[in-house]
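S.K.: need the 3D shape of this:
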Amino acid sequence: MGRGDIKTKKGKIFSKSFGKVRPARTRKSAAAAAPKAENKA
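M.R.: Presented below is the predicted three-dimensional model:
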């Protein structure tokens, strides 16, 4: 259980991967901007 364990959060940070334990950060600015542009048009 450490940096070598890919199933843990610390292991995912070390291997630079994402999954259920370490979800990828979603972009709120891009998702929030799209509906506003449709409403104005």
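
S.K.: rest of the way, CA atoms for contacts and neighbours
M.R.: Noted.

S.K.: any low-confidence regions in the chain?
M.R.: The model of the chain has pLDDT under 70 over residues 29-41.

S.K.: that one: strands as residue ranges?
M.R.: Counting by DSSP state E, one finds no strands in the chain.

S.K.: find the nearest non-adjacent residue to Asp5, please.
M.R.: Closest residue in space to Asp5, ignoring its immediate chain neighbours: Gly11 at 4.9 Å, by CA to CA, 6 or more residues apart in numbering.

S.K.: how many neighbours does that neighbour have?
M.R.: 18 (other CA atoms under 10 Å).

S.K.: now do the contacts for it.
M.R.: Applying CA atoms under 8 Å, 6 or more residues apart in numbering to Gly11 gives the contacts 2-5.

S.K.: can you say which of those are buried?
M.R.: Among the contacts of Gly11, not one is classed as buried by 16 or more other CA atoms under 10 Å.

S.K.: alright, I will stop here.
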